[in-house]
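[1] Quick one, fold the following:
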Amino acid sequence: MGLPPAQVNVPQLVALEALWCGAADFGSEDATEGCFCGDAGAFVIKKTDVHPELPHCEWFCSSLALSTGVPQVPFSVVHHTDGNYWFGSKWMNGKTQDWWNLARRGTIDFAALSEDFSRIYALDLFIHNVDRHANNFMVVPDGSSHKVLSFDYSRSWLVLGFPPPNEIMIDADIPTVNVKNWLKANFGNYISVNAANEVLDRIGAIDTASVRRIIDSHPRDWLTQANDDAIISWWDSGMALARVNAIKTGLHNGTLV
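    Got it, this is the predicted structure:
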């Protein structure tokens, strides 16, 4: 049975109003502020001080995740108390600290999480996310079990230059590859090629009009016109689909697994 037609999803188009914002220690160079938005909760803020198009990268990659079956931390545009509109990733209560040690002890059933890890990995390969380390998986309780959510795309997409390099990450000494290899060493060949392919098939089914919708759903000043044109041209040229197919080949021949 084939996948249903691609459906691009984005959060509400109305920004959340921050009641207060302030410095916070998230252990990240890219996120040093948080905002409280009333009933919507607290959000980790990404601004342009690290990279001028960091909010776009976070929005675009989070939207791809939301649209392709990658489990994703909720996100929104936040109207900061400084008067600007920034990217906000929802602060998740109950994050499981040191989840990898709990999984090694069997307290967390790692096998039950393998499909979610695989979906996140497929997206990371597509957007060239070089910084998916162990703390960049949001592992949270889910009933009697756990689930894994994706967040933090500060070292991917436009931040590292566009378009993504043709050479897919395989043996590079970077966190995304290192954590994949560490998980394999501790839990076996955990990557579900079928789950990864579902994500890749959905990315491949996203058309240029849908990419346009993602871009148009965030503030205009998050993206230069030159990079806007470059993204649309790259997608429209078939290079995005070619990247999807190259990743699928690597998953099937084992070089990316």
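
[2] CA only for contacts and neighbour counts going forward, please
    OK.

[3] Could you list the domains of the chain?
    16-90, 99-253 (automatic domain parsing).

[4] Could you check how far the longest one is from the centre of its chain?
    Computed by Cα atoms, centre = their mean, to the nearest Å, the separation of domain 99-253 from the middle of its chain amounts to 6 Å.

[5] Same question for the shortest one.
    Offset of domain 16-90 from its chain centre (Cα atoms, centre = their mean): 13 Å.

[6] So which residues of the protein form strands?
    Assigned by DSSP state E, the strands in the chain fall at 16-17, 20-23, 33-36, 42-46, 75-79, 85-90, 137-142, 145-150.

[7] For the domains of the chain, give me TSV that also has distance to residue 8, mean neighbour count and mean pLDDT.
    Below are the domains of the chain laid out as TSV (distance: least, Cα to Cα, whole Å; neighbours: other Cα atoms under 10 Å; pLDDT from 0 to 100):
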stretch	distance to residue 8	mean neighbour count	mean pLDDT
domain 16-90	5	19	93
domain 99-253	6	17	95
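
[8] Please tabulate the strands of the chain in CSV, including the columns distance to residue 181.
    Below are these laid out as CSV (distance: least, Cα to Cα, whole Å):
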stretch, distance to residue 181
strand 16-17, 39
strand 20-23, 35
strand 33-36, 32
strand 42-46, 29
strand 75-79, 29
strand 85-90, 27
strand 137-142, 15
strand 145-150, 18
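
[9] okay but residue 191 is in contact with residue 118, surely?
    Yes - counting by Cα atoms under 8 Å, residue 191 touches residue 118, with 5.2 Å between them.

[10] How about the contacts made by residue 52?
    Residue 52 sits next to residue 222 when contact means Cα atoms under 8 Å, 6 or more residues apart in numbering.

[11] Also residue 257?
    189, 191, 250, 251.

[12] Which residue of this structure lies farthest from its centroid?
    residue 105 (27.7 Å; Cα atoms, centre = their mean).

[13] Please report how far the residue nearest to residue 203 when sequence neighbours are not counted lies from residue 27.
    In space, and not counting its chain neighbours, residue 203 is closest to residue 68: 6.4 Å by Cα to Cα, 6 or more residues apart in numbering. Here residue 68 is placed at a distance of 29 Å from residue 27 (Cα to Cα, to the nearest Å).

[14] thought residue 174 was touching residue 129?
    No - applying Cα under 8 Å as the test, residue 174 and residue 129 come out as separate, 9.6 Å apart.

[15] Quick one: residues contacting the residue nearest to residue 51 when sequence neighbours are not counted.
    Spatial nearest neighbour of residue 51, chain neighbours left out: residue 159 (6.9 Å); criterion: Cα to Cα, 6+ apart. Residue 159 makes contacts with 51, 53, 54, 57, as judged by Cα under 8 Å, 6+ apart.

[16] please redo it, this time with the cut-off set to 10 Å
    Residue 159 makes contacts with 50, 51, 52, 53, 54, 56, 57, 58, 128, 129, 153, as judged by Cα atoms under 10 Å, 6 or more residues apart in numbering.

[17] ditto for residue 87
    15, 43-48, 54-59, 75-80, 218-219, 222.

[18] list the contacts for residue 220?
    56, 228.

[19] Ok, the one 3 residues further on next?
    When the contact criterion is Cα under 10 Å, 6+ apart, the partners of residue 223 are 52, 53, 54, 55, 56, 57, 158, 215, 229.

[20] and what of residue 195?
    Residue 195 touches 69, 70, 114, 115, 116, 117, 118, 119, 120, 122, counting by Cα under 10 Å, 6+ apart.

[21] about what we covered before: need the overlap of contacts for residue 191 and residue 118.
    What both residue 191 and residue 118 touch, as defined by Cα under 10 Å, 6+ apart, is the set 180, 257.

[22] Fine by me, we can end here.
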